[in-house]
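S.K.: sequence and computational prediction follow.
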Amino acid sequence: MKKIPQIFFLFIITSALYSQEYLKSKAQPSNFLSKSYYSINFGGILYPFSNNNLIEGYETNTFSKNYFSGRLLLGYKISPDLAIQFGTLRPASWFKYDDVNGIGYERSVWINAWSLSLKKNIQLHKKVSVFGEAGIANVTRIGFSINDKIIYSDAHFASLIYGVGLNYTLNKKWRLNLNGTFLPKSIKENQPSISQITFGFEYHINKLKESQIEKHENNGHFFPKNTIQVSYGTSKIGFGANRFFGMSLKVGDFESFGIPVFWVGEVKAAHSFSVTYQRLVFRTEKIFSLDWGVSITAFQTEATKENVLAFSIFPTMRFYLMRRKDFDMYTNYSLIGPTILTTGNLDNLNTGPKTTYQDTMGLGVFFGKKRSFNAELRIMHYSNGNIFPQNSGVAIPIQFTFGKTF
């Protein structure tokens, strides 16, 4: 069960990239990609932790709950109405027990679920369908201790996941979703049920006609075939961007200000240097492209000054926000890039195995004659995605990046 998320994700990425690489046109998706989609959803979550989950002698009268949550899915259509989905579900910020035993202890419980499920659509109308979902989930819970005494234990277990929902088709590419997802409680693991209601969208990749391929390739919009980049970052500028996009930035009375689309990490990098190569795999007419990449990152931790190397291979989704005469502006997002670290358990924290994942998020531009040059601001994160309870995570602050396209 522990290996299901890694194996399935690697299968999807390897199949997509390998099958696409040998097509003559990057505008025409491969057979594999043409049956694929991704889905992004946000909404509310309920996971009713209580004093009953704590060991005898420990309780609190107040709890801090943030009901905002998200779910990200990658899907592959086995048939037009049947798909297999892989993804993650988690709250934006963690459930917190306030003032345990009335003596000032504040402790959080972390929860995360990776899932593999089947989704069956039933068409009600040309544009409207209902669906049912059923599968398995890899659930990880990180509990807490007080004075080295375990008050709520960690847990890592397999669970059923199922749900229902509504799809509204806007066109061949875009669908709107209303989702209800449920994971039953586990008495054995002392884990309450998890319920989530979200609203979001699906983006489907489709085959193009020959006339469309020629139109896409000759429309004048720039998509770099190859890009090599060098990046440097320092903690002296702080981790504000990491915390904002991890919804953990403290602003005034707000303890969790921001947008929950990224992660921070308990281990903080003091300095980082990266060399990255990316190659175009697939492009749409104007807005979206998919690259594969490899990178080497060297960083030093703040607390214990450990020097670490990270070797990664990853997919990158790039969305073009603005196209002008002198530049093209984009944002990119890379998730779950398999990574090997040269050191584990950094800064005396349980960061998990040396085999982990790299996530990056950036804002950049291509500029110059023939868009030969690239500049980008990027944040990075290393963790195992809470697939294992030992997952303190590593935060890499903003990197200043310069690149060359060819």
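M.R.: Here it is on my side, so go on.
S.K.: tell me what Phe402 is bridged to.
M.R.: Val230, Ala375 (DSSP bridges).
S.K.: could you measure from it over to Tyr152?
M.R.: Here the criterion is CB to CB, to the nearest Å. By it, Phe402 lies 47 Å from Tyr152. (Glycine included, C-beta is placed from N, CA and C.)
S.K.: more crowded one of those two?
M.R.: Neighbours per residue (other CB atoms under 10 Å) separate Phe402 from Tyr152, with Tyr152 holding more: 20 against 13.
S.K.: my guess is that one contacts Val109, does it?
M.R.: Yes. Assessed by CB atoms under 8 Å, Tyr152 is found in contact with Val109 at 6.2 Å.
S.K.: what sits in contact with each of those two?
M.R.: Gly143, Phe144 (CB atoms under 8 Å, 6 or more residues apart in numbering).
S.K.: at which residues are the strands of the stretch 51-200 of the chain located?
M.R.: 62-64, 68-79, 82-91, 95-100, 105-123, 128-142, 144-146, 149-152, 155-169, 174-183, 194-204 (DSSP state E, counting those that start in this stretch).
S.K.: quick check: phi and psi on Glu214?
M.R.: phi -60, psi -40 (degrees, to the nearest 10).
S.K.: can you give me the helices for the stretch 151-300 of the chain?
M.R.: Per DSSP state H, counting those that start in this stretch, the stretch 151-300 of the chain carries helices over the ranges 210-217, 240-245.
S.K.: just give me how far the last one sits from the chain centre.
M.R.: I take that to be helix 240-245. Distance, stretch centre to chain centre, for helix 240-245: 15 Å (CA atoms, centre = their mean, to the nearest Å).
S.K.: what comes up buried for it?
M.R.: Going by neighbour count (16 or more other CB atoms under 10 Å), the buried part of helix 240-245 is Ala241, Asn242, Arg243, Phe244, Phe245.
S.K.: contacting residues around the third one?
M.R.: Read that as Arg243. Arg243 neighbours (CB under 8 Å, 6+ apart): Leu249, Lys250, Gly258, Val264.
S.K.: quick check: beta-bridge partners of the first one?
M.R.: Yep, that's Leu249 we're talking about. Phe257.
S.K.: and the pLDDT at the residue sitting furthest away from the middle of the chain?
M.R.: For the chain, the residue at maximal distance from the C-alpha centroid (CA atoms, centre = their mean) is Gly57, at 38.0 Å. Predicted confidence (pLDDT) at Gly57: the value is 93.
S.K.: I'd like the numbering to begin with 12 instead of 1 from here.
M.R.: Sure thing, new numbering starts at 12, so read that last one as Gly68.
S.K.: not counting sequence-adjacent ones, nearest residue to it?
M.R.: Spatial nearest neighbour of Gly68, excluding adjacent residues (CB to CB, 6 or more residues apart in numbering): Asn112 at 8.0 Å.
S.K.: how many residues are close by the one you found?
M.R.: There are 14 residues near Asn112, going by other CB under 10 Å.
S.K.: that one contacts Ile66, correct?
M.R.: No. Between Asn112 and Ile66 there is no contact under CB under 8 Å: 11.6 Å.
S.K.: elements contacting the host helix or strand of Pro408?
M.R.: In the assignment (DSSP states H and E), Pro408 maps to strand 405-416. Applying 3 or more CB pairs under 8 Å, 6 or more residues apart in numbering; DSSP states H and E, we find strand 405-416 packed against strand 237-245, helix 251-256, strand 278-294, strand 299-312, strand 366-378, strand 384-394.
S.K.: what's the angle from that strand to strand 237-245?
M.R.: 140 degrees (axes from the mean of the first three to the mean of the last three CA atoms, to 10 degrees).
S.K.: can I get strand 405-416 in CSV, CA atoms only?
M.R.: The C-alpha atoms that make up strand 405-416 are tabulated as CSV, following Å, rounded to 0.1, in the frame of the first residue of the first chain:
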residue,chain,number,x,y,z
VAL,A,405,12.3,21.0,3.3
ALA,A,406,11.5,24.6,2.3
ILE,A,407,13.7,26.2,-0.3
PRO,A,408,13.1,30.0,-0.4
ILE,A,409,12.7,32.1,-3.5
GLN,A,410,15.3,31.3,-6.1
PHE,A,411,16.4,33.8,-8.7
THR,A,412,16.7,32.0,-12.0
PHE,A,413,18.3,32.8,-15.3
GLY,A,414,17.9,30.6,-18.3
LYS,A,415,18.7,30.0,-22.0
THR,A,416,16.4,28.5,-24.5
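S.K.: let me know the average pLDDT across that strand.
M.R.: 97.
S.K.: check which residues of that strand are buried.
M.R.: So strand 405-416, judged by 16+ other CB under 10 Å, has buried residues Val405, Ala406, Ile407, Pro408, Ile409, Gln410, Thr412, Gly414, Thr416.
S.K.: one step back: could I get the helices and strands packed on strand 405-416 as a markdown table with mean pLDDT and distance to Phe106?
M.R.: As requested, those are arranged in a markdown table below (pLDDT from 0 to 100; distance: least, CB to CB, whole Å):
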| stretch | mean pLDDT | distance to Phe106 |
| --- | --- | --- |
| strand 237-245 | 97 | 32 |
| helix 251-256 | 92 | 19 |
| strand 278-294 | 95 | 23 |
| strand 299-312 | 95 | 28 |
| strand 366-378 | 95 | 23 |
| strand 384-394 | 96 | 19 |
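S.K.: quick one, which of these is packed in tightest?
M.R.: Highest mean neighbour count among the helices and strands packed on strand 405-416 (mean count of other CB atoms under 10 Å): strand 384-394, with a mean of 22.
S.K.: then it to PDB, C-alphas only?
M.R.: The C-alpha trace of strand 384-394 is given here as PDB (Å, rounded to 0.1, in the frame of the first residue of the first chain):
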ATOM      1  CA  PHE A 384      16.500  34.100 -22.600                       C
ATOM      2  CA  ASN A 385      14.500  33.300 -19.500                       C
ATOM      3  CA  ALA A 386      14.200  34.800 -16.000                       C
ATOM      4  CA  GLU A 387      12.100  33.200 -13.200                       C
ATOM      5  CA  LEU A 388      11.300  33.500  -9.500                       C
ATOM      6  CA  ARG A 389      10.800  30.000  -8.000                       C
ATOM      7  CA  ILE A 390      10.000  28.400  -4.700                       C
ATOM      8  CA  MET A 391      10.800  24.700  -4.000                       C
ATOM      9  CA  HIS A 392       9.800  22.000  -1.500                       C
ATOM     10  CA  TYR A 393      11.000  18.500  -0.800                       C
ATOM     11  CA  SER A 394       8.900  15.900   1.100                       C
END
